[in-house]
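Colleague: okay, sequence plus prediction incoming.
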Amino acid sequence: MNRLGWLLALAGLALALWLVAQQDLAEIAALLASAGAGLLLVVAAHGLFMAANGWAWALAMPGAQRPHMGAILELTLIRESVNTLLPVGRVGGELACYRLLRARGMGPGPAAGSLLIDMGLSVLAQLGFALLGLALLMATGRTLGWMATLGVVLGGALLAAPFIAVQNARAFGRLSSWLARVSQGRIAGFAEGSRRIDGYLRRAWRNPRLLACSFAWQMAANILGALQIWIALWLLGQPVSFLEALAIEALVQAVAAFAFAVPGGLGVIEAGYLGVGALMGLGAEVSLALALVRRLRELALYLPGLALWAWAERRLGRG
């Protein structure tokens with residue numbers, strides 16, 4: 001947890017509270033109260049997203065070392081929980097899962113490689129999902145304009161291209177080999193592990209079937225994520241079609257992707273819901289109630305997820 005992460009988290013929290021305070025708090029409270037215990041359906045729907053997302057990641061692992069689906073779901077929950085609730089720059093969950101995969105006996109190449117491949121494909125899937133959202137928005141007669149559309153495309157490409165290029169350039173092995181020479185061989189084991197990661201990545205990025213299947217499951221997870229929007233708006237008394245829910249989810253995720261450094265997208269996601277909700281004809285109170293439903297779902301799932309991570313680390317310490 002670095003100082004910048006905490007500062008961004010506090011700034012985002014202040015923005016979120018300010019946005020909520022500008023609206024009719026009584027109306028927002030009434031909307032949430034009307035949803036009641038039905039909000040548990042939103043939590044359950046997110047389980048479908050995690051299952052599809054987790055399987056997309058699992059496909060990047062070698063079959064012989066791949067954990068069972070229950071363990072994949074556990075690791076996916078830990079990964080999302082750490083990345084969302086802690087100021088770790090959206091990579092703390094990957095580091096936690098790398099450690100847990102290594103403890104399960106997976107080699108450094110598959111453990112780190114599967115996470116890096118999943119991260120690279122997730123950026124591409126988010127770009128594709130954002131373009132789908134823009135297409136659905138235009139199909140309703142609404143549009144963000146060509147400049148905004150071009151910004152989404154270029155922004156996604158700028159995020160994805162360098163990340164994937166580095167994975168194909170043997171960067172880890174070259175850097176660690178240089179460090180091993182500088183340190184006169186004292187980190188030779190680290191250098192060897194990095195070369196294994198490089199080898200795993202190069203083989204995986206040359207396996208079109210693996211990449212296509214993992215990408216397809218990433219997209220399926222994103223589409224399933226819209227189910228939460230559809231259910232939440234129905235519970236809030238503002239039903240929309242599933243395609244409209246899909247457009248809302250895609251565009252909010254696009255906004256959140258460009259603010260990856262802000263822990264949990266605090267403030268950014270709330271602003272995203274307000275902006276996208278206005279485009280889709282939703283009132284400000286409804287949009288912020290929808291954002292708060294998301295926050296309640298995160299707390300309901302990710303606080304236990306952090307506890308699960310602490311318990312898993314404690315088991316490692318005992319081992």
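Modeller: All right, it came through fine.
Colleague: CA only for contacts and neighbour counts going forward, please
Modeller: OK.
Colleague: quick check, pLDDT for the residue nearest the centre of the chain.
Modeller: Centroid-nearest residue in the chain, with Cα atoms, centre = their mean: E80, separated by 6.7 Å. On pLDDT, E80 comes in at 95.
Colleague: what's around the residue nearest to it when sequence neighbours are not counted, how many residues?
Modeller: Distances taken as Cα to Cα, 6 or more residues apart in numbering put G93 closest to E80, at 6.4 Å, once the chain neighbours are dropped. Neighbour count for G93, taken as other Cα atoms under 10 Å: 22.
Colleague: which element is G93 on?
Modeller: Using DSSP states H and E, G93 maps to helix 92-103.
Colleague: again with F129
Modeller: helix 108-139.
Colleague: kindly report the same for S34.
Modeller: Here S34 is assigned to helix 25-35, by DSSP H and E.
Colleague: got the contact list for that helix?
Modeller: A232, L235, L236, G237, E285, V286, L288, A289, V293 (Cα atoms under 8 Å, 6 or more residues apart in numbering).
Colleague: next, the angle from the longest helix along the chain to helix 25-35.
Modeller: Longest helix in the chain by number of residues (criterion: DSSP state H): helix 284-318. Between helix 284-318 and helix 25-35, the angle comes out at 60 degrees (axes from the mean of the first three to the mean of the last three Cα atoms, to 10 degrees).
Colleague: so the helix holding F129 versus helix 92-103, what angle?
Modeller: 140 degrees.
Colleague: which strands and helices sit next to helix 108-139?
Modeller: helix 40-58, helix 92-103, helix 146-167, helix 188-204, helix 208-235, helix 242-257 (3 or more Cα pairs under 8 Å, 6 or more residues apart in numbering; DSSP states H and E).
Colleague: quick check: which of these is buried the most?
Modeller: Highest mean neighbour count among these (mean count of other Cα atoms under 10 Å): helix 242-257, with a mean of 23.
Colleague: what's the angle from it to helix 108-139?
Modeller: Going by the same axes, to 10 degrees, helix 242-257 makes 130 degrees with helix 108-139.
Colleague: relative to helix 284-318, how tilted is whichever helix or strand comes after helix 242-257?
Modeller: Later in the chain than helix 242-257, the nearest helix or strand by DSSP H and E is helix 268-279. With the same axes, to 10 degrees defining the directions, helix 268-279 sits at 150 degrees from helix 284-318.
Colleague: so for helix 268-279, what gets flagged as buried?
Modeller: Residues of helix 268-279 classed as buried: V268, I269, E270, A271, G272, Y273, L274, G275, V276, G277 (neighbour count, 16 or more other Cα atoms under 10 Å).
Colleague: how far out from the middle of the chain is it?
Modeller: 18 Å (Cα atoms, centre = their mean, to the nearest Å).
Colleague: which strands and helices lie in contact with that helix?
Modeller: Going by 3+ Cα pairs under 8 Å, 6+ apart, helix 268-279 lies up against helix 3-21, helix 242-257, helix 284-318.
Colleague: can you say which of those helices is nearest to A44?
Modeller: A44 sits nearest to helix 284-318 of all these, at 9.3 Å, using Cα to Cα.
Colleague: what about that closest one, average pLDDT?
Modeller: 92.
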